[in-house]
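[1] Any chance you can model this:
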Amino acid sequence: MKSPEILIIYTGGTIGMVENHASHALEAFDWSHLQARVPELEQFHFHIDAITLGDPIDSSDMTPDDWVRMAHAIASNYARYDGFVLLHGTDTMAYTASFLSFMLEGLAKPVVITGSQLPIGQLRTDGKENLLTSIEIAAARDAEGLPIVPEVCIFFENELMRGNRTTKINSEGFNAFRSYNFPPLAKAGIHIEYNTHEIIQHPTPASSACYALLREKTGRPQHEGLIVHDRYDNHVAILTLFPGIDESVVRAVAETPGLRALILQTFGSGNAPQKEWFISILHDLNRRGIIVVNTSQCERGTVEMGRYETSLQLLRAGVLNGYDSTLECVVTKLMFLLGHDCTQEEIRQLMSISIAGEVNVRG
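    The predicted model follows:
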């Protein structure tokens, strides 16, 4: 079996920082000298290259254009390498992972995104463990020589999670990420134990139909291998409900110029106030062709539209069910679909299916 070749792509973030001993300031280090910083890499029996994707970016400054650059960096190196490790700041890592999972049609190789809470140059860093295990996962093959995890994932603090199911939950601890509504794809202890029956190995009929529609929309021919769908529209807003929210606040968000989609963060299993003015605004958004998606403020569980009267009114107003999706996933999925000129009805249909394992649709 051919020895795997792995490409590390550094985009920015804490993991790539070292302390300047003169100024004591943290600075990005040159990843071409990775071997000197992480001598443990010599113990891997496969080839590893590292590149920096332009100037390092703090993840709070990430934009969809940066996600597009990452996708094209993977695509341009796809034929040469067997797996990819994307190093990224933690703050918006889950958004990047979600968007990449939609952009990369036909992905058949691992894309493992990781980072750290402490710079890789510090003594107690979690960066080395995250990096080394991510490389091992990116290179892992089954008995037939096929990648074990051919999807976009996040590895952090001993757990490998589906990228579009993950959210950041801790700003200080090493256990910075959780996948509340989907089990981990692997756990790293003495051995790496893979949850193989949860890993996506082949596209589903729903996923194939979605990408066929998007190729038709953009005039792109179907072909074997990786296809990057790099269009997006970021005219999306998030409205978090709270008791006593004022009508003027809701109207200000609903009347945002250029708005094409609104995400409601509701209570519990998808409940919202039954105020006449609130329901009227939702009906007006639906008439204007603006997509409204119902997501819960709860981290665990799912939205159940119609379970209570307080969510039945939303259903009647044309609000879509976000089911058990993460907020990061709903934001990026809407950007993705809006950018491909899907009609309102097409978006309503595609938001109700799983394109890349991002949602469990019930009922």
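[2] What residues sit buried inside stretch 269-289?
    For stretch 269-289, a neighbour-count test (16 or more other CB atoms under 10 Å) marks 269-273, 278-279, 281-282, 285-286 as buried. Glycine gets a C-beta too; all of them are placed from N, C-alpha and C.
[3] same question, stretch 169-188
    Of the residues in stretch 169-188, those buried by neighbour count under the rule 16+ other CB under 10 Å are 174, 176-179, 181-182, 184-186, 188.
[4] The host helix or strand of residue 346 packs against which elements?
    Element membership of residue 346, judged by DSSP states H and E, is helix 344-350. Using 3 or more CB pairs under 8 Å, 6 or more residues apart in numbering; DSSP states H and E as the contact criterion, the secondary-structure elements in contact with helix 344-350 are helix 205-218, strand 291-296, helix 327-339.
[5] nearest to residue 249, of those?
    For the helices and strands packed on helix 344-350, the distance to residue 249 is smallest for strand 291-296, at 15.9 Å, taking CB to CB.
[6] Report the strands that pair with the closest one, each with its relative direction.
    Under the criterion DSSP bridges, strand 291-296 sits next to strand 261-266 (parallel), strand 320-321 (parallel) in its sheet.
[7] In a markdown table, list these along with mean pLDDT, distance to residue 99 and mean neighbour count.
    Output for the strands paired with strand 291-296, formatted as a markdown table (pLDDT from 0 to 100; distance: least, CB to CB, whole Å; neighbours: other CB atoms under 10 Å):
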| stretch | mean pLDDT | distance to residue 99 | mean neighbour count |
| --- | --- | --- | --- |
| strand 261-266 | 98 | 15 | 23 |
| strand 320-321 | 96 | 19 | 24 |
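[8] Dump those strands into a markdown table; add distance to residue 296 as well.
    Shown next, in a markdown table, are these (distance: least, CB to CB, whole Å):
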| stretch | distance to residue 296 |
| --- | --- |
| strand 261-266 | 6 |
| strand 320-321 | 10 |
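[9] Figure out which of the ones you listed is closest to residue 198.
    Going by CB to CB, the one of the strands paired with strand 291-296 nearest residue 198 is strand 320-321, 22.6 Å.
[10] which residues sit against that closest one?
    270, 291-294, 303, 305, 315, 348, 351-352 (CB atoms under 8 Å, 6 or more residues apart in numbering).
[11] I'd say residue 361 and residue 323 touch.
    Yes: when contacts are counted by CB atoms under 8 Å, residue 361 is listed as touching residue 323 (5.7 Å).
[12] Model confidence for the residue most central in space within the chain, exactly?
    When CA atoms, centre = their mean is applied to the chain, the residue found nearest the centroid is residue 98 (1.8 Å). pLDDT for residue 98: 98.
[13] chain center to the helix or strand that contains it: distance?
    In this structure, residue 98 is located in helix 93-103 according to DSSP H and E. What separates the centre of helix 93-103 from the centre of its chain is 3 Å, taken as CA atoms, centre = their mean, to the nearest Å.
[14] Next, the angle from it to helix 205-218.
    Computed by axes from the mean of the first three to the mean of the last three CA atoms, to 10 degrees, the angle separating helix 93-103 from helix 205-218 equals 80 degrees.
[15] Outside of whichever helix or strand comes after helix 93-103 itself, list whatever touches it.
    In the C-terminal direction, the helix or strand that comes right after helix 93-103 (DSSP H and E) is strand 104-105. Judged by CB under 8 Å, 6+ apart, the contacts made with strand 104-105 from elsewhere in the structure are 71, 74-75, 111, 152, 211, 214, 226-229.
[16] okay, among those residues, which ones form the most distant pair?
    111 and 214 (19.4 Å).
[17] Could you tell me how many residues sit around residue 221?
    6 (other CB atoms under 10 Å).
[18] do residue 203 as well
    Under the neighbour criterion other CB under 10 Å, residue 203 is assigned a count of 17.
[19] Spell out the secondary structure type for it.
    In three-state terms, and counting by DSSP: H, G, I helix; E, B strand; the rest coil, residue 203 is coil.
[20] And it, how far from residue 299?
    Going from residue 203 to residue 299 by CB to CB, to the nearest Å gives 28 Å.
[21] From the buried residues of stretch 269-289, pick the one nearest residue 338.
    residue 285 (14.6 Å).
[22] was I right about the closest one contacting residue 254?
    Yes: under the criterion of CB under 8 Å, residue 285 makes contact with residue 254 at 5.8 Å.
[23] Show me where the chain has its helices.
    Secondary structure of the chain by DSSP state H: the helices cover 34-37, 64-76, 93-103, 127-139, 205-218, 247-254, 276-287, 309-316, 327-339, 344-350.
[24] any idea of the angle the longest one forms with helix 327-339?
    What separates the directions of helix 205-218 and helix 327-339 is an angle of 40 degrees, with the same axes, to 10 degrees.
[25] That concludes my questions; thank you for your assistance.
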